[in-house]
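*Asks:* Quick one, what's the 3D model for this:
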Amino acid sequence: MPFLLQALVYLGAAVISVPIAKRLGLGSVLGYLIAGVVIGPFALSLVGEQTDVMKFAEFGVVILLFLIGLEVQPSTLWDMRKAIFGFGGAQVVGTSLAIAGVSMLLGLPWQTALAVGMVLAMSSTAIVLQTLDEKGLRQGPVGRAAFGILLLQDLAVIPMFALLPTLATIAPPVHAAAAEGHGGASLVAHLPPWAQGLSVLVAVGAVVGGGRYMVRPIFRFIAEARLREIFTAAALLIVVGVATIMQTVGLSPALGAFLAGVVLAESEFRRELETDIEPFRGLLLGLFFITVGAGIDLRLVAGQPLTLIGLVLGLMVLKFAVMFGLARLFGAPARGAAAVATALAQGGEFAFVLLSFTVGAGVIGATLAALLTAAVAVSMALTPVAMILYERIAAMMDAAIPKQVPDTGDFEDGEPDIIIAGFGRFGQITGRLLTANGFRSTVLDSDIEQIDLLRRFGRRVHYGDATRMDLLRAAGIERARMLIVALDDREKTVELVETARKAFPDLVILARAWDRRHAYDLLANGADAVERETFEAALALGTTALQKLGYRAHRAHRAAGIFRRHDRKSFEDLRPVWGQEEAYILASRDAARTMDKLLNADLARLRPGDAVGSWDTASLDEELKERAEREGARREGAN
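*Replies:* This next block holds a predicted model:
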């Protein structure tokens, strides 16, 4: 089949199937797998021989491991030693023995059963990490545990290649034996064991030494040439070169790529390497998933459906049970243990390589290997579905558990000066400042977990919906001087401000606003003052940036003050047209141009090195005048 036509079919299948799968909530991995099944030789047969394409697609796994290595510094590996060598090692051994035990009960010889156990103990690095990325679990405890297990599995492939031939019980096929005699992909297979071990050490030493002492000067030389495409080519050259070296000495190319990534993790070129190689990772991994789907033998599935279904379900249930038990044993909570076990319950891409190797070595028969290959491929295809089912079951269990409502107490806070509604990241700062200055406050919040956490730190927080008037009265709002609304919910914030203003006209109400639009809503519904939650934090960061760029501290603070004053004036000027969409947009444009001119004029006196106007007394006088006018207007309104 012509290469361009084959590429057209693969790309077309991906472009059509993946967006549909994402829209249906199935995830991109399942979309790729379904596309592979549809275009594969056992369905529509739109593509030819899969062998060459699979070899090319497997390079996506190599690139994935290289990028993972770039994110994992040696110190991080040491910190994860428990997850990798403890949890990961226990998983490989435990799963291998469990599957071997079940296989022996089904009538297989112990040698074949042990080989099947080791092959099926592997999980799919590509599918698991991609699925966890899409679910947002990659960087959390679940992602770290899964990564530790997957990394140990990749390491375990090396001793498996040495151990599996010793379990041979049947004569290998003639063509396979001939291939083995030629050494296969490894150029050291014919050497004695000590020479093979030495070759491995030399190869690993070459990767580590080259990464530390040769790659950086090369990249520095290329960077000075300022040729982006050559930098990309050099990055790919490293990945391909390392994979080739590892394959030459009989090691996993993916493991070699991971090692190279770890060596370069502390390089100043790390981010550039990630950026250049990332597009290849996504494309090649997608191609890998399609080839896995295309490799599912639908004729075998149709011929032995019950056997295959039993194999797939038995494999996934058994691996889930072993990993769940081990995760709990290593201290993981039940929810996290279930997530890790669900994610890793399938067979892996290395199983295809190991099954082919065991057939050639006379360990597993060709018929059994074909059935196991189909079971592994189907289990990989079912992984995204299993994760979706896990999430739905977990959500149903959460909904079935009655929420514990903590006792609100009897509001034994005395006569509160302030009622604070919402005590999250915003309300806590305000509350601590007021408490530190001697004001008594009563705090209301409706987040149970947040309340439990705050009570552990000795904070007295009452549970309740602050928009309920009976709760506000019980909390003492009729005697309080001020209500501070610091809720996370926009609509509830507006509702509370409106309700409190109608019920208590003389109460001072301050509210947290999300943005300008929300701030105008709050002011229109009765808030005395609002604070946009990110405004002052952004100004503080901008002040720090100015200092780092050469401004003296007082100049940076004055610049921030000038910006604050102009922004607040613009805010007040636009307030009368709020709610009139077209008029507001036009006024906003005019105000922005005017503000830029005035702001530039005021800031011109604060440039670094300008000795005149260091303290900007004119702006100070203008700011004090505006402040006095606002204070006078507020007093007139109060009278």
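
*Asks:* what separates whichever strand or helix holds residue 451 from the chain centre, distance-wise?
*Replies:* Using DSSP states H and E, the element containing residue 451 is helix 448-456. Put simply, helix 448-456 sits 26 Å off its chain's centre (C-alpha atoms, centre = their mean, to the nearest Å).

*Asks:* Show me what secondary structure element comes after that helix.
*Replies:* Sequence-wise, the next helix or strand downstream of helix 448-456 (DSSP H and E) is strand 462-463.

*Asks:* And that following strand, what does it pack against?
*Replies:* With contacts taken as 3 or more C-beta pairs under 8 Å, 6 or more residues apart in numbering; DSSP states H and E, strand 462-463 sits against strand 441-445. No exception for glycine: its C-beta is placed from N, CA and C like everyone else's.

*Asks:* got the angle between the strand it packs on and helix 448-456?
*Replies:* Here strand 441-445 runs at an angle of 150 degrees relative to helix 448-456 (axes from the mean of the first three to the mean of the last three C-alpha atoms, to 10 degrees).

*Asks:* State the mean pLDDT of strand 441-445.
*Replies:* Strand 441-445 carries an average pLDDT of 86.

*Asks:* Give me the sheet partners of that strand and which way each runs.
*Replies:* Partners of strand 441-445 in the sheet, by DSSP bridges, are strand 418-421 (parallel), strand 462-463 (parallel).

*Asks:* okay, these in CSV with distance to residue 541, mean neighbour count and mean pLDDT next?
*Replies:* Shown next, in CSV, are the strands paired with strand 441-445 (distance: least, C-beta to C-beta, whole Å; neighbours: other C-beta atoms under 10 Å; pLDDT from 0 to 100):
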stretch, distance to residue 541, mean neighbour count, mean pLDDT
strand 418-421, 26, 26, 90
strand 462-463, 34, 20, 80
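
*Asks:* nearest to residue 127, of those strands?
*Replies:* Nearest of those to residue 127, taken as C-beta to C-beta: strand 462-463 at 42.6 Å.

*Asks:* quick one, what contacts residue 191?
*Replies:* residue 199 (C-beta atoms under 8 Å, 6 or more residues apart in numbering).

*Asks:* Helix, strand, or coil at it?
*Replies:* Taking DSSP: H, G, I helix; E, B strand; the rest coil as the rule, one finds residue 191 in the coil state.

*Asks:* before we move on, the earlier item: and of the strands paired with strand 441-445, who's closest to residue 538?
*Replies:* Of all the strands paired with strand 441-445, strand 418-421 sits nearest to residue 538, with 23.4 Å by C-beta to C-beta.

*Asks:* roughly how far is the helix or strand that the closest one is followed by from the heart of the chain?
*Replies:* Counting by DSSP H and E, the next helix or strand C-terminal to strand 418-421 is helix 425-436. For helix 425-436, the separation from the chain centroid amounts to 32 Å (computed by C-alpha atoms, centre = their mean).

*Asks:* hmm, back to that, okay, the angle between the helix holding residue 451 and helix 425-436?
*Replies:* 30 degrees.

*Asks:* what's the average pLDDT for helix 448-456?
*Replies:* 73.

*Asks:* And it, what's buried?
*Replies:* Buried positions in helix 448-456, judged by neighbour count with 16 or more other C-beta atoms under 10 Å: 450-451, 454.

*Asks:* Stretch 488-496 too?
*Replies:* Neighbour-count burial for stretch 488-496 [16+ other C-beta under 10 Å]: 488, 490, 492-496.

*Asks:* Nearest to residue 247 among these?
*Replies:* When the buried residues of stretch 488-496 are ranked by distance to residue 247 (C-beta to C-beta), residue 488 comes first, at 53.2 Å.

*Asks:* doesn't residue 423 make contact with that closest one?
*Replies:* No - judged on C-beta atoms under 8 Å, residue 488 makes no contact with residue 423 at a distance of 10.6 Å.

*Asks:* any idea how far residue 578 is from residue 494?
*Replies:* Distance, residue 578 to residue 494, using C-beta to C-beta, to the nearest Å: 14 Å.

*Asks:* pLDDT score assigned to residue 549?
*Replies:* With respect to pLDDT, residue 549 scores 85.

*Asks:* before we move on, what about residue 258?
*Replies:* What the model reports for residue 258 is a pLDDT of 77.

*Asks:* correct me, but it touches residue 67?
*Replies:* No - using C-beta under 8 Å, residue 258 makes no contact with residue 67, being 9.3 Å away.

*Asks:* picking up where we left off before, quick one: common contacting residues for residue 578 and residue 494?
*Replies:* For the pair residue 578 and residue 494, no residue contacts each of them under the criterion C-beta under 8 Å, 6+ apart.

*Asks:* Make a markdown table out of the strands paired with strand 441-445 and add distance to residue 143.
*Replies:* Shown next, in a markdown table, are these (distance: least, C-beta to C-beta, whole Å):
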| stretch | distance to residue 143 |
| --- | --- |
| strand 418-421 | 36 |
| strand 462-463 | 33 |
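
*Asks:* Could you point out which of these sits nearest residue 162?
*Replies:* Taking C-beta to C-beta, strand 462-463 is the member of those nearest to residue 162, at 61.1 Å.

*Asks:* so after that closest one, what's the next helix or strand?
*Replies:* Sequence-wise, the next helix or strand downstream of strand 462-463 (DSSP H and E) is helix 469-475.

*Asks:* other SSEs contacting that next one?
*Replies:* strand 441-445, helix 490-503.

*Asks:* Tell me how far the last one lies from the chain's centre.
*Replies:* Helix 490-503 sits 37 Å away from the centroid of its parent chain (C-alpha atoms, centre = their mean).

*Asks:* ok, residues contacting that helix?
*Replies:* Taking C-beta under 8 Å, 6+ apart as the rule, helix 490-503 contacts 421, 466-467, 469, 472, 477, 483, 485, 487, 507, 509, 511-514, 518, 521-522, 525-527.

*Asks:* wait, which of the strands paired with strand 441-445 is closest to residue 313?
*Replies:* strand 462-463 (44.4 Å).

*Asks:* Reduced to three states, what does residue 122 come out as?
*Replies:* Under three-state DSSP, the three-state class of residue 122 is coil.

*Asks:* looking at it, it is touching residue 348, isn't it?
*Replies:* Yes - here residue 122 reaches residue 348: they are 3.6 Å apart, a contact under C-beta under 8 Å.

*Asks:* Okay, helices next: where are they in the stretch 501-639 of the chain?
*Replies:* For the stretch 501-639 of the chain, helices defined by DSSP state H, counting those that start in this stretch occupy the ranges 516-524, 535-548, 553-574, 581-603, 617-638.

*Asks:* let me fix that: the stretch 151-300 of the chain
*Replies:* 174-181, 193-213, 215-225, 228-248, 253-263, 270-294, 298-303.

*Asks:* Return the fourth one as PDB; C-alpha atoms alone will do.
*Replies:* The C-alpha trace of helix 228-248 is given here as PDB (Å, rounded to 0.1, in the frame of the first residue of the first chain):
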ATOM      1  CA  ARG A 228      15.500  26.500  15.500                       C
ATOM      2  CA  GLU A 229      15.000  23.600  13.000                       C
ATOM      3  CA  ILE A 230      18.600  22.300  13.700                       C
ATOM      4  CA  PHE A 231      17.900  22.400  17.400                       C
ATOM      5  CA  THR A 232      14.800  20.300  16.900                       C
ATOM      6  CA  ALA A 233      16.800  17.900  14.700                       C
ATOM      7  CA  ALA A 234      19.500  17.600  17.400                       C
ATOM      8  CA  ALA A 235      16.900  16.900  20.000                       C
ATOM      9  CA  LEU A 236      15.400  14.100  17.900                       C
ATOM     10  CA  LEU A 237      18.900  12.800  17.100                       C
ATOM     11  CA  ILE A 238      19.600  12.400  20.800                       C
ATOM     12  CA  VAL A 239      16.400  10.400  21.400                       C
ATOM     13  CA  VAL A 240      16.900   8.200  18.300                       C
ATOM     14  CA  GLY A 241      20.600   7.700  19.200                       C
ATOM     15  CA  VAL A 242      20.000   6.700  22.700                       C
ATOM     16  CA  ALA A 243      17.200   4.400  21.700                       C
ATOM     17  CA  THR A 244      19.500   2.700  19.200                       C
ATOM     18  CA  ILE A 245      22.300   2.300  21.700                       C
ATOM     19  CA  MET A 246      19.900   0.600  24.200                       C
ATOM     20  CA  GLN A 247      18.400  -1.600  21.600                       C
ATOM     21  CA  THR A 248      21.900  -2.700  20.400                       C
END
